[in-house]
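Undergrad: take this sequence and fold it.
(2 chains)
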Amino acid sequence: MQSVWTLLSWGPEGWLDDIAYGVFITVSLAAATLPVGLVIGFLVALAKQSGEPSLRLAGNIYTTIFRGLPELLTLFIIFYGAQVGIQQMIHLYDPTASVEVNAFVSGMIALGVVFSSYASEVFLSAFRAIPKGQYEGGYSVGLSGWQTMRLVVLPQLIRIALPGLANLWLILLKDTALVSAIGLTDILRQAGVAARVTKHAFLFFGVAALIYLLLAIISSFGINAIERAVGRQQVQR
Amino acid sequence: MSATATDATKIDRPPALPRGWPRQRVLGYALVCLWIVFLAGIAAYLILAWNGELFAKYAPGYVSGLGITLLLVAISIVLGAILSVPIAYARMSKNRVLLGLAYAYVYFFRGTPLLAQTFLVYYGVGSFRPQLEMVGLWGFFREAFNCAIFAFSLNTAAYQAEILRGAIQSVPRGQWEGAASLGLHKLQTMWKIILPQALIVALRPYGNEIILMIKGSAIVAIITVYDLMGVTRLTYSRTFDFQSYVWAAIIYLVIVEILRHAVEWIERRITIHLQR
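TA: As a prediction, this is how the structure comes out:
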């Protein structure tokens, strides 16, 4: 019977190096998803707060669909759907070819889409918190629409949206666990492999859960730092 | 008469609403058309891929899967609600130990993925087989469904405790003091004064929690429970027909939308006295 510390050591006997690789995959997936989700979410929020009804409708359909679907189902639909779709397209040219869709990219797209639909709501409520006078002020000093957005609205928007976005980041970090279901070697999958080989399931899944907890704690320190930095700007005003 | 007419013409009117086809409208119509094409494409795909034989074979599975999903969520939410009361109480207590324990519980279950918790229960209980056999719970934990309920109840209890705590603390202190000055007992105050006000605040978060549970319950498919998602995966692995996922997506969307609108309707009903 191996001791717990051998199992959790670094190297060929222990599993720590494998789990560390899983941590790397999880963190890089979440970090790669974040900008995609933020940009799409912001654009959708712009559409949802515009004066044009058709734009609002398009944005609302997006949110309704991707907020209503389970994350796992979205992931599977994108993973298998892309596989089926690309395969059929390629079969038109070469009937023997087979395609394998990258699990990382599928995970990124699926999580990004889900993240953006929630982020758009956060951005939307932040947009509503900014008084109309800010736009009018920008207009009156001769700024163009884009300049008003960039110089006047956006700095305030970020400050208001930050707590909501921080929450979404923590949710995103947890949602990355789902990609283990499509075969990406994230924390949970590595822990699962280790558990199957060593028969110490509780130990390894417990360690995996604690790593997620640790990531959440580190994130909240980071978030606090960002909030303090942003808050300081506000004081200077 | 004429003076007022000229005055009226001098008034600086706001710019007229854009007519014709400004850039935003073009974009908006294009996007809406894209959605219509997309949704029509899915509908056309479902009609073209319609296979009566397949439908007759797998539709009952979907119905039972939906039943399992709803059952799982209902049991977990109820058990979680019961469990959340003492946790919320501990979270608000002045006892340091109690507070710390409740805080740790809530932090753990909110800070780790539901999937990891489910795995921890489902695969992890094997490590405690002798102990569980001793207390006669091994049979309970051998069923994947029971494991899922166990994990989900603990998870949602943490979230619901936070909802409850937030709602109770959102009621102003004066309500407590007023009740105390009328000579009401603490429990009476809680039951008759605080909770009715707190639940209005808590309704929307509770609705969101149920929706999150329905969406989150899809992960039990990974631990071999045949809920809606599990049936879908089974169907796909047997038929390799992509429409199995599309049907599941439609069913989930319909449930979530019904729930969302139901919560909004209830909220409108119970806040009638607050509207002016």
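
Undergrad: can you map out the helices along the stretch 51-200 of chain B?
TA: B:52-92, B:96-111, B:114-122, B:129-135, B:138-142, B:144-170, B:173-181, B:186-189, B:195-216 (DSSP state H, counting those that start in this stretch).

Undergrad: hey, which of those helices is tucked in deepest?
TA: Per-stretch averages of neighbours, counted by mean count of other CB atoms under 10 Å in any protein chain shown, single out helix B:114-122 among those, with a mean of 25. C-beta: built from backbone N, CA, C; applies to glycine.

Undergrad: who does it touch, helix- and strand-wise?
TA: Taking 3 or more CB pairs under 8 Å, 6 or more residues apart in numbering or on different chains; DSSP states H and E as the contact definition, the neighbouring helices and strands of helix B:114-122 are helix A:187-198, helix A:201-236, helix B:144-170.

Undergrad: picking up where we left off before, out of the helices of the stretch 51-200 of chain B, which is closest to residue B:247?
TA: Proximity to residue B:247, assessed across these by CB to CB, is greatest for helix B:52-92 (6.7 Å).

Undergrad: who in the stretch 151-276 of chain B is up against chain A?
TA: Proximity of the stretch 151-276 of chain B to chain A, by CB under 8 Å from any CB of the partner chain, involves residues B:214-219, B:221-222, B:229, B:232-233, B:236, B:242, B:245-246, B:248-249, B:252-253, B:256-257, B:260.

Undergrad: including distance to residue A:144 and mean pLDDT, could the helices of the stretch 51-200 of chain B go into TSV?
TA: Written out in TSV, the entries for the helices of the stretch 51-200 of chain B read as follows (distance: least, CB to CB, whole Å; pLDDT from 0 to 100):
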stretch	distance to residue A:144	mean pLDDT
helix B:52-92	50	92
helix B:96-111	44	94
helix B:114-122	47	93
helix B:129-135	69	82
helix B:138-142	64	83
helix B:144-170	42	94
helix B:173-181	50	93
helix B:186-189	58	90
helix B:195-216	39	92
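
Undergrad: for residue A:205, find the nearest of those.
TA: Go through those one by one with CB to CB and the one that ends up closest to residue A:205 is helix B:114-122, at 4.2 Å.

Undergrad: mind giving me the PyMOL select for the residues of the stretch 151-276 of chain B next to chain A, buried ones only?
TA: Written as a PyMOL command, the selection of buried residues from these, which uses 16 or more other CB atoms under 10 Å in any protein chain shown, is:
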select buried, chain B and resi 214+215+216+217+218+219+221+222+229+232+233+236+242+245+246+248+249+252+253+256+260
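
Undergrad: rewinding a little: turn the helices and strands packed on helix B:114-122 into JSON lines, columns for distance to residue A:28.
TA: Compiled in JSON lines, the helices and strands packed on helix B:114-122 are given as follows (distance: least, CB to CB, whole Å):
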{"stretch": "helix A:187-198", "distance to residue A:28": "12"}
{"stretch": "helix A:201-236", "distance to residue A:28": "12"}
{"stretch": "helix B:144-170", "distance to residue A:28": "26"}
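
Undergrad: of those, which is nearest residue A:4?
TA: Residue A:4 sits nearest to helix A:201-236 of all these, at 6.4 Å, using CB to CB.

Undergrad: which residues does residue B:219 contact?
TA: Residue B:219 makes contact with A:72, A:178, A:181, B:114, B:115, B:118, B:229, according to CB atoms under 8 Å, 6 or more residues apart in numbering or on different chains.

Undergrad: any idea which of those residues is closest to residue B:81?
TA: Taking CB to CB as the measure, residue B:81 lies nearest residue B:114 of these, at 17.3 Å.
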